[in-house]
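Chemist: A structural model of the following input is requested.
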Amino acid sequence: MSRIGRMPIAVPAGVTVEIAENNKVTVKGPKGTLTRVLAPEMEIKQEGAEIIVSRPNDLKKMKSLHGLTRTLIHNMVVGVTEGYAKKLEINGVGYRASKSGKKLTLNLGYSHPVEMVDPEGIETVVENNIITVKGIDKEKVGQFAAQIRDKRRPEPYKGKGIKYADETIRRKVGKTGKK
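Modeler: Below you'll find the model as predicted:
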């Protein structure tokens with residue numbers, strides 16, 4: 001029983017949802033427009049200010065698609081109304097980030113600065129070694145934040161590197177000297 005899939009999605013005022021054939025869902029809101037083609041087996045219908053997702057049968061695949069489809073539509077609705085943001089912290093001596101135009105420049109202890117360009121629909125803001133990745137598509141925000149983090153992952157001894165703001169790093173004890 002998919003508890004998530006059964007929950008109706010509330011559509012706030014100022015947001016329009018269009019469901020075309022082959023389950024192509026378009027959500028328009030104050031922050032922008034998102035379009036996604038969802039599983040054709042699921043039945044998506046709009047009733048008033050709510051969207052309801054139902055499944056054809058109780059096969060394992062249909063049950064998993066049920067919750068997924070509902071969550072994807074919900075994430076689109078939240079994205080066009082509030083948007084998504086992920087914060088990344090840079091720790092380490094000499095590790096810095098700077099922003100010029102759409103280009104993010106990271107100094108991460110390599111022999112060269114690492115440059116990344118903001119993808120379409122994503123905006124990065126740098127404020128005293130905290131990078132904020134903002135956008136309306138949850139998937140793209142998470143993906144770009146993960147790509148930035150991959151440039152220098154946090155290491156377990158001193159915690160140097162790029163980490164998510166809400167992430168805790170498992171620390172290891174360094175080596176001890178001889179007596």
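
Chemist: what ranges of the chain fall below the confidence cut-off?
Modeler: 1-2, 179 (pLDDT under 70).

Chemist: The same query, at a cut-off of 80, please.
Modeler: Scanning the chain for pLDDT under 80 picks out 1-2, 177-179.

Chemist: what's the burial count for Ser64?
Modeler: 14 (other C-beta atoms under 10 Å). (C-beta placed from N, C-alpha, C; glycine too.)

Chemist: That one is in what secondary structure piece?
Modeler: Assigned by DSSP states H and E, Ser64 belongs to helix 60-81.

Chemist: now Val125
Modeler: strand 122-127.

Chemist: before we move on, what about Phe144?
Modeler: Using DSSP H and E, Phe144 falls in helix 138-150.

Chemist: Relative to Leu59, how far out is the residue lying closest to Val37 once chain neighbours are set aside?
Modeler: Excluding its sequence neighbours, the residue lying closest to Val37 (C-beta to C-beta, 6 or more residues apart in numbering) is Lys24, at 5.0 Å. Relative to Leu59, Lys24 is positioned 23 Å away (C-beta to C-beta, to the nearest Å).

Chemist: Leu65 too?
Modeler: Leu65 sits at a distance of 9 Å from Leu59 (criterion: C-beta to C-beta).

Chemist: So those two - more neighbours on which side?
Modeler: A direct count of neighbours by other C-beta under 10 Å for Leu65 and Leu59 places Leu65 higher, at 21 against 11.

Chemist: Quick check: closest non-adjacent residue to Ala165.
Modeler: Nearest non-adjacent residue to Ala165, counting by C-beta to C-beta, 6+ apart: Lys87, 3.8 Å away.

Chemist: Let me know the secondary structure of that neighbour.
Modeler: Here Lys87 is strand, with the state taken from DSSP: H, G, I helix; E, B strand; the rest coil.

Chemist: isn't it right up against Asn129?
Modeler: No. Lys87 is beyond contact range of Asn129, at 11.1 Å (criterion: C-beta atoms under 8 Å).
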